[in-house]
Structures are given as structure tokens and as C-alpha cells.
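J.: give me a model of this one.
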Amino acid sequence: MRIILIRHLPTPGNEKHQYIGTTDENLSRGAVERFRQENRIYPQAEYIIASPMKRCLETAQLIYPNREIRVEPGLRECAFGEFEGKTYEELKNHPAYVMWLESGGMTAFPGGESQEKFRTRCVESIKKWIRLLLKGHAQSAAFVVHGGTIMAVMEKLSEEQMEFYHWQVENGGGYEAEVQEEDWAEHREILRKITKLEKRNHL
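T.: Residues are numbered from 1 along each chain as shown. The predicted structure follows:
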């Protein structure tokens, strides 16, 4: 089975380089216009699964129009707590933010979700869906989610053992991977043959 992981298109907060986690922003008008002008090609998928956040649902509807979109709450972005909606410039001298940077992004923001809890939530949600899809003999599925969600999943499940930030992708970018039924039947829960989504447009 093939799975595709796609990061949502930009929101106004993304364009301002803000930390956008629980803020349920729509896509920016500019992002939608650029998407339509570029006419980018994405891999086709039998099933479409998305985070419940508007930015992911809207992206899924643009990439896969007139398709049923299944929603998975466990794939939503991390809650950034008191730092939600703030930029690096606004936070760079905040002691808790400095501590977060020095920890490699592993400590929780004040009032936010811990990275350990967030990453575990994302990985378990993807694994649940992969098992369901394999049981239903699906051939392919696309997950339209968040940057942090993709990094969490790839760090944990990729057969290539790379650290979290190695898997960072731009808005609209992502990865394609192969799930081999025999791996998962024998509890080797890994993603194989991972490739970055190429930016190809219709002629």
C-alpha cells in the first residue's frame, strides 16, 4: 500500500512565521490563488484522511476535490500554549522559549502540549489508520496534516532512522511511502521506499 503525507497550504499565520497550533485558521487567499495558478499535480489516492483543522480540510478539498474526507482528531498540530500565534522575534528573549530551543524542541510551552505526548499521539493515529486500511485491502491513502505531524510520523516509522527536524517540509510539500503488509502483520511497523513529493505541474 502507498501512503502520501501532505502538509497543508499556508495560512495567514504561517505567512507571518507565527506558531500556529490550536488556532483554527483558514488558508490564506494568496495561498489558494497560488495553488490554482500553479496547478500542481499530487499523487492520486483511494482514501483521503485529514486533521480536523480548517487548514488541512481546505487543502484536502483543493487537492482532492469532490472526494470524501475522513477526519482524524489525533493528527492535529501541537498546542503551543502561551506561545500560540507568536513569532520567533517576539519570543527569542523569553526564558521558557530559550529553554525550549536548547532542549531541541522537547520541552512543553507554558500551557501547551509536551512534544512527547504530541508525537506519540500523531504516530498512534497514523498506525491506527494504516492497520484499518490494510485490513480493508486499500491500495493507497493520502493524509493531509501538519508539518509537525509529518515530522513525528517520519521520525518514528521511517526505515531510515533520521531525527525529527530532518523531515521538515514546506507548506504543500510532503512524502510518499510504501507500507508492506507482511511488515505490519509481523509487527514491524515501518514505512519503506520514502520519497519526497516532487513539485510537478500540469502542462
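
J.: how near is the residue sitting nearest the centre point of the chain to residue 157?
T.: Of all residues in the chain, the one closest to the mean position by CA atoms, centre = their mean is residue 146, 3.0 Å from it. Between residue 146 and residue 157 the computed distance is 16 Å (CB to CB, to the nearest Å). For every residue, glycine as well, the C-beta is placed using N, CA and C.

J.: wait, residue 79 sits on residue 112?
T.: Yes - with contacts counted by CB atoms under 8 Å, residue 79 reaches residue 112, the gap being 4.9 Å.

J.: where does pLDDT dip in the chain?
T.: Across the chain, the ranges flagged by pLDDT under 70 are 201-203.

J.: next one: the top helix by length along it to chain centre, how far?
T.: Longest helix in the chain by number of residues, with DSSP state H as the criterion: helix 115-135. For helix 115-135, the separation from the chain centroid amounts to 12 Å (computed by CA atoms, centre = their mean, to the nearest Å).

J.: circling back: okay, residue 79 and residue 112: which has more neighbours?
T.: Between residue 79 and residue 112, counting by other CB atoms under 10 Å, residue 112 is the more crowded of the two (22 against 18).

J.: can you show me the strands along the protein?
T.: Along the chain, counting by DSSP state E, strands occupy 2-7, 40-41, 47-50, 69-71, 140-145, 174-178, 192-196, 200-201.

J.: okay, now residue 148: neighbour count?
T.: For residue 148, using other CB under 10 Å, the count is 22.

J.: that one and residue 106, how far apart?
T.: Taking CB to CB, one finds residue 148 at 13 Å from residue 106.

J.: hang on, the earlier thing: are there residues contacting both of residue 79 and residue 112? Which ones?
T.: Residues touching both residue 79 and residue 112 (CB atoms under 8 Å, 6 or more residues apart in numbering): residue 21.

J.: what about the helices in the chain?
T.: 12-15, 29-38, 54-63, 88-91, 95-102, 115-135, 147-157, 181-185.

J.: how far out from the middle of the chain is the second one?
T.: Between the centre of helix 29-38 and the centre of its host chain there is 20 Å, according to CA atoms, centre = their mean.

J.: buried ones in that helix?
T.: Using 16 or more other CB atoms under 10 Å as the test for burial, helix 29-38 gives 31, 32, 35.

J.: turn these into a markdown table, including distance to residue 88.
T.: Formatted as a markdown table, these follow (distance: CB to CB, whole Å):
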| residue | distance to residue 88 |
| --- | --- |
| 31 | 21 |
| 32 | 26 |
| 35 | 26 |
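
J.: what is the nearest of those residues to residue 89?
T.: Residue 89 lies nearest to residue 31 out of those, by CB to CB, at 22.2 Å.

J.: residues contacting the closest one?
T.: Neighbour list for residue 31: 9, 10, 11, 15, 171 [criterion: CB under 8 Å, 6+ apart].
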